[in-house]
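# Need coordinates for the following:
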Amino acid sequence: MTGAGSGPPSGGTDPREALEQLLLGGPRRYTRGQVSALAGMPPERTQRLWRALGFADVADDDPAFTDADVTALARLSALIDSGFVGAGAEASVARAMGQSLARLADWQTDMLAGQLAAAEGEDVGADVVAATEDLLPLMAELQDYVWRRHLTANAGRLFATGPGAVDRRELAVGFADLVGYTSRSRGMGGRELGAMVEDFEGLAADLIARHRGRVVKTVGDAVLYTCTDPVDAVEIALRLPDEWAAPDRPPLRVGAAFGPVLTRLGDVYSPVVNLASRLTSIARPATVLVDEQLARQLRGVPAYRVRPLRRVSVRGYDHLQPWLVRRRGTEDDEAPGVTALEQLLDEIADDVLDSPDGGGRLD
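The predicted structure is shown next:
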């Protein structure tokens, strides 16, 4: 199913109808019952999938669907018959695709609208149709390319052995959060706020990609990312606040944890994710806190120092032991006597990690 909304079948010269036909691959001609019958699916099932894709219900007598909707349902049936998509997971798959592509469509529409607003001329409707006709195949080809490249980047997981090896993995999970975002955003105009969010998401995506991480999701003032290598996760965590820092920007804080994570439909689920979030909530601006498991992964890595902090109580964890991560300086960078003190603190950190109760992590 490929479109939503209501309206008369296309066929005239109205720019809105012409644009719909261009985007939907043909005129709207079928009601919900008709498209279900043509696809060989019960109406309740097609409605469930339609909602999962993120589209509003249409009236039973509204000819809102096209031949492409029938084809899409047939392809979904073929995927289910092949065993690739389980019958019980079809709505979840549709929901994941709908949410991802809806955001992409919003961005593309805004970008096209911005270009057309700057254009001169009276026939705006015709300009919209013409621009879309030129850009649609280019965007479709580019989206297909990016999708294939992401599949390639994940191809190694297809050869993982053992039950649950594909969707259950040891990962480092990081949260980066803008401090004071809510209060600061109240005094900002829409354009200014949008520019700041765009800058934050762009910088985070670039830095995370540079260090072999993956952006799981962004939510305005925060980004959630994962890494297979704990050191990469910490390097991202330390660089993000530094590269983001500017007098006109709110400071950034980061929390990260390491352990078994379930990956499903592009999202991640685990107590590790919750723990990374809790660590972020108690971190001071421009600092990085990690859990005991990630602190252990940094032992012997000469670039970093880890320090146990006082245990705290947060939601879900009564005696959480945060660990502060900093870069390790050279002796030339440190004042006399500081090097010896840092070495002593390193020994104390090792003793805490070697103790029977470790850092007190509670899952």
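# Look at Gly300 and give its secondary structure.
In three-state terms, and counting by DSSP: H, G, I helix; E, B strand; the rest coil, Gly300 is coil.
# Asp346 versus that one, what's the distance?
Remark: distance between Gly300 and Asp346 (Cβ to Cβ, to the nearest Å) = 11 Å. C-beta coordinates here come from the backbone N, C-alpha and C atoms, glycine included.
# For the two, indicate the residue with more neighbours.
Asp346 (15 against 7; other Cβ atoms under 10 Å).
# you'd agree the more buried one is up against Arg305?
Yes - at 6.7 Å, Asp346 and Arg305 qualify as touching, with contact defined as Cβ atoms under 8 Å.
# Point out where the stretch 51-200 of the chain drops to low pLDDT.
115-116, 118-122, 157-166 (pLDDT under 70).
# looking at this, Pro27 is in a helix?
No - Pro27 is assigned coil when assessed by three-state DSSP, not a helix.
# Per-residue pLDDT of it, please?
Confidence at Pro27, expressed as pLDDT, is 91.
# so it makes contact with Thr66?
Yes - using Cβ under 8 Å, Pro27 is in contact with Thr66, at 6.7 Å.
# Among the two, which residue is more densely surrounded?
Thr66 (25 against 17).
# I'd like to know how far that one sits from Val35.
According to Cβ to Cβ, Thr66 and Val35 sit 9 Å apart.
# Please apply the same query to Ala91.
17 Å.
# got it, and Met97?
From Met97 to Val35 the distance is 18 Å (Cβ to Cβ).
# between the two, which one's more packed in?
Neighbour comparison, Met97 and Val35: the larger count goes to Val35, with 24 against 15 (by other Cβ under 10 Å).
# Touching, the more buried one and Ala68? I think so.
No - judged on Cβ under 8 Å, Val35 makes no contact with Ala68 at a distance of 10.2 Å.
# quick one: average confidence on the helix or strand containing Asp318?
Using DSSP states H and E, Asp318 sits within strand 317-320. Taken as a whole, strand 317-320 has a mean pLDDT of 85.
# Check which helices and strands the helix or strand hosting Asp81 sits against.
Following DSSP H and E, one finds Asp81 within helix 67-82. Judged by 3 or more Cβ pairs under 8 Å, 6 or more residues apart in numbering; DSSP states H and E, the packing partners of helix 67-82 are helix 32-39, helix 43-52, helix 90-118.
# For that helix, could you pull out the residues that count as buried?
Residues 67, 69-70, 72-73, 76-77, 80 are the ones in helix 67-82 that count as buried (16 or more other Cβ atoms under 10 Å).
# Just the closest of these to Ala39, please.
Leu73 (3.6 Å; Cβ to Cβ).
# give me every residue that touches the closest one.
1, 35, 39, 41, 46, 49 (Cβ atoms under 8 Å, 6 or more residues apart in numbering).
# now it: how far from Trp244?
45 Å.
# CA atoms of stretch 237-252 as PDB?
C-alpha atoms of stretch 237-252 as PDB (Å, rounded to 0.1, in the frame of the first residue of the first chain):
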ATOM      1  CA  ALA A 237      31.300  10.000  23.800                       C
ATOM      2  CA  LEU A 238      34.400  12.100  24.600                       C
ATOM      3  CA  ARG A 239      34.500  13.800  21.200                       C
ATOM      4  CA  LEU A 240      30.800  14.800  21.000                       C
ATOM      5  CA  PRO A 241      30.800  17.300  23.900                       C
ATOM      6  CA  ASP A 242      34.100  18.800  22.700                       C
ATOM      7  CA  GLU A 243      33.100  19.200  19.000                       C
ATOM      8  CA  TRP A 244      29.600  20.500  19.900                       C
ATOM      9  CA  ALA A 245      30.800  23.100  22.500                       C
ATOM     10  CA  ALA A 246      30.100  26.700  21.600                       C
ATOM     11  CA  PRO A 247      29.000  29.800  23.600                       C
ATOM     12  CA  ASP A 248      25.600  29.800  21.900                       C
ATOM     13  CA  ARG A 249      24.900  26.100  22.400                       C
ATOM     14  CA  PRO A 250      23.700  24.100  25.400                       C
ATOM     15  CA  PRO A 251      26.400  21.800  26.800                       C
ATOM     16  CA  LEU A 252      26.300  18.100  26.000                       C
END
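# Would you map out the domains in this protein?
15-153, 158-354 (automatic domain parsing).
# Determine which stretch of those domains is the most buried.
Across the domains of the chain, averaging neighbours per residue (mean count of other Cβ atoms under 10 Å) puts domain 158-354 on top, at a mean of 17.
# mind showing which ranges of the stretch 201-350 of the chain have poor pLDDT?
If you take pLDDT under 70 as the line, the stretch 201-350 of the chain has these spans: 330-341.
# Contacts for stretch 275-286, please.
With Cβ under 8 Å, 6+ apart as the test, stretch 275-286 has contacts from 173-177, 179, 222, 241-242, 245, 251-257, 289-291, 312, 314-317, 320, 322, 361, 363.
# Tell me the secondary structure of the residue nearest to the spatial centre of the chain, please.
Centroid-nearest residue in the chain, with Cα atoms, centre = their mean: Lys217, separated by 1.9 Å. Three-state assignment for Lys217 (three-state DSSP): strand.
# Quick check: closest non-adjacent residue to it.
In space, and not counting its chain neighbours, Lys217 is closest to Leu224: 5.2 Å by Cβ to Cβ, 6 or more residues apart in numbering.
# What of Asp61?
Nearest to Asp61 is Thr31, by Cβ to Cβ, 6+ apart, at 6.0 Å.
# And for Arg51?
Asp57 (7.1 Å).
# now the angle from the lengthiest strand in the chain to helix 90-118?
Ranked by residue count under DSSP state E, the longest strand found in the chain is strand 252-264. Following axes from the mean of the first three to the mean of the last three Cα atoms, to 10 degrees, one obtains 130 degrees for the angle between strand 252-264 and helix 90-118.
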